[in-house]
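**Q** Sharing a sequence plus its predicted fold:
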Amino acid sequence: MKNSQLPGFYKSVLAGSVATILDRDLGATIQHWMELVENDNELTCIPLSFEDRAGHIPNLIAELVDRLRLDVTTTIQMSVATREHGDLRRNQVYTAAMMVEESRILQLSILNTLQKSLPRKDFSKFLLNVITIADELDSHLKQALFSFSEPSQ
């Protein structure tokens, strides 16, 4: 049975569990992300405060949680917060490669959070959620990278 054929209640409970975990464990996800970032010489060559480095993550994960709770056929709008994050990173002299690395580390941190919380869950649904997470984070990365192809303001 495809995800779109599941009864609405079943879909919402399964997607909700992953969304709930991400929402509940936001602090742990950010902490794990910061630990990985702080050990990445490419990213730490630009000194930033905790807020300047991780301030965008709560909004990004909130949008991800919202998307996980939507029907899979829902069209997602461009994220203003993500574009602003891209502009901020460009102004902080990040390269596009640094943005990709930062996004990759966030994916690892989110998956680490889920791995700790979902050891015995329905893995077929879990995989669908992982695909949604990867798609959403890649979409955010693409939107943020638009800042690198536009002239500076």
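**A** Nice, I can see it.

**Q** now the helices for this structure?
**A** 8-24, 26-38, 41-44, 50-54, 57-68, 80-91, 96-117, 123-149 (DSSP state H).

**Q** By mean pLDDT, flag the weakest helix or strand of this structure.
**A** Every helix and strand in the chain was compared by mean pLDDT, DSSP states H and E; the lowest is helix 8-24, with a mean of 67.

**Q** now E102, nearest residue through space, not along the chain?
**A** Excluding the flanking residues, the one nearest E102 by Cβ to Cβ, 6 or more residues apart in numbering is L43, at 6.2 Å. No exception for glycine: its C-beta is placed from N, CA and C like everyone else's.

**Q** Any figure for the gap between G55 and H85?
**A** Distance from G55 to H85, counting by Cβ to Cβ, to the nearest Å: 9 Å.

**Q** In terms of neighbours, single out the busier of those two.
**A** Counted by other Cβ atoms under 10 Å, G55 and H85 do not tie: H85 has more neighbours, with 23 against 14.

**Q** Hmm, E63 and that one touching each other?
**A** No: using Cβ atoms under 8 Å, H85 is not in contact with E63; the gap is 11.1 Å.

**Q** shared neighbours of the two, which are they?
**A** Among the neighbours of H85, those also in contact with E63 (Cβ atoms under 8 Å, 6 or more residues apart in numbering) are H140.
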